[in-house]
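>>> here is the input, now give the coordinates:
(one chain, ligands or ions: 1)
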Amino acid sequence: MKRTGRLAAVCAELSPCARFADVGCDHGYCTQFMLENGLCRSAVISDVSAKSLAKAEKLLQAYIGEGRVQSVCCAGLSAVPPCDEVLIAGMGGEEIVSILREGFLPPQLVLQPMKNAPKVRAFLLESGYRILHDYTYFEGRKRYHILRAAKAPAEEELSAGAVQGYGAAELAFGRDNLLTPSAAFLRYLEGEIAALGARMAAANGPLPAAKRRLQLAEAALAAARGGRHEHP
Ligand SMILES: C[S@@+](CC[C@H](N)C(=O)[O-])C[C@H]1O[C@@H](n2cnc3c(N)ncnc32)[C@H](O)[C@@H]1O
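The predicted structure follows:
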């Protein structure tokens, strides 16, 4: 299968590991990518929906037959055995955080939240991860936040967030977007500023969270246009 667009961008973040898990796998293409490219010895495919999981089982039936892929129908990580790398893509950020809180924290994570990416970033940092890549993939008018993170060494774990020094703008927009802003990211900031401004103008009372995000977006846009990388 040819993986293009969002799935290709997600697969590009996956690293070699012994056992890989794709939580909410649906079609199973990412696990197929890992196996076809020799990036993992074995894999776990899981989905809360038996119907979705059946698609991945069909795609990966030869690997299941060889005993290299284990299929589990469950919510989140509840029946997934420990794995070295876990992918959770195409779900909301709050759902992703709740899956990880209730499950286990693997050494490597690739996450692609559909929304609430700032909550995912905050969770990773407070849970002792280093965020290694954190950017927005744009496909036409759609945008996808893609994060790759690795557990910090034990001696750094408690202070991983502090070590990385994520500021408010980085939590809001992702560090790599701010350090190397693409043209699409600048257009996104412009749209965000217009939308937040319109929302605040139409509101009856103050909207402190929207006001703060507007300030962050304006500062990020100014810094990107000025070639500076300083953010509040
Ligand atoms: C939009 S699809 C994304 C599929 C694939 N991960 C991707 O990125 O293309 C979301 C999948 O996650 C599954 N799902 C949603 N919530 C889940 C949960 N809490 N635990 C496991 N699977 C879940 C759905 O059944 C669905 O198959």
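
>>> list the buried residues of stretch 21-35.
21-35 (16 or more other CB atoms under 10 Å). (Each C-beta comes from the backbone N, C-alpha and C, glycine too.)

>>> quick one: the strands in this structure?
Using DSSP state E, the strands of the chain run over 17-23, 40-47, 69-73, 85-91, 108-113, 129-139, 142-151.

>>> which stretches of this structure form helices?
With DSSP state H as the criterion, the chain has helices at 5-11, 29-36, 50-59, 61-65, 93-102, 117-126, 160-164, 168-173, 175-179, 183-202, 208-226.

>>> switch those over to TSV; also include mean pLDDT and distance to residue 109.
Converted to TSV, the helices of the chain look like this (pLDDT from 0 to 100; distance: least, CB to CB, whole Å):
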stretch	mean pLDDT	distance to residue 109
helix 5-11	96	12
helix 29-36	97	13
helix 50-59	98	20
helix 61-65	98	22
helix 93-102	98	8
helix 117-126	95	7
helix 160-164	58	13
helix 168-173	94	17
helix 175-179	95	16
helix 183-202	94	23
helix 208-226	93	25
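
>>> around the ligand, pick out the residues from the protein.
Counting by CB under 6 Å from any ligand atom, the residues of the chain close to the ligand are 23-26, 47-49, 52, 75-76, 89-91, 95, 99.

>>> repeat the analysis, applying 5 Å as the threshold.
24, 26, 47, 48, 49, 52, 75, 76, 89, 90 (CB under 5 Å from any ligand atom).

>>> determine which two of these are furthest apart.
75 and 89 (16.3 Å; CB to CB).

>>> quick revisit: so which of the strands of the chain is nearest residue 220?
Closest among those, using CB to CB: strand 129-139, at 12.0 Å.

>>> sheet partners, orientation included, of the closest one?
strand 142-151 (antiparallel) (DSSP bridges).

>>> residue at max distance from the center of this structure?
residue 204 (34.6 Å; CA atoms, centre = their mean).

>>> dump the residue contacts of residue 40.
Residue 40 makes contact with 16, 17, 18, 19, 20, 34, 85, according to CB atoms under 8 Å, 6 or more residues apart in numbering.

>>> quickly list what it is bridged to.
Beta-bridge pairing of residue 40, defined through DSSP bridges, involves residue 17.

>>> how near is it to residue 173?
Going from residue 40 to residue 173 by CB to CB, to the nearest Å gives 31 Å.

>>> picking up where we left off before, for residue 133, which of the helices of the chain is the nearest?
helix 175-179 (6.2 Å).

>>> quick one: neighbours of residue 225, just the number.
Residue 225 is flanked by 11 other residues according to other CB atoms under 10 Å.

>>> quick one: contacts for it?
Residue 225 neighbours (CB under 8 Å, 6+ apart): residue 186.

>>> ok, now how distant is residue 188 from residue 82?
37 Å.

>>> more neighbours: these two, which one.
A count of neighbours by other CB under 10 Å puts residue 188 above the other of residue 188 and residue 82, at 20 against 13.

>>> gap between the more buried one and the ligand?
Here the distance between residue 188 and the ligand works out to 20 Å (CB to the nearest ligand atom, to the nearest Å).

>>> okay but that residue is in contact with residue 143, surely?
Yes. Counting by CB atoms under 8 Å, residue 188 does reach residue 143; the two are 6.2 Å apart.

>>> any common contacting residues for these two?
residue 136.

>>> per-residue confidence, residue 231, what does it come out as?
In this model, residue 231 is scored at 49, pLDDT.
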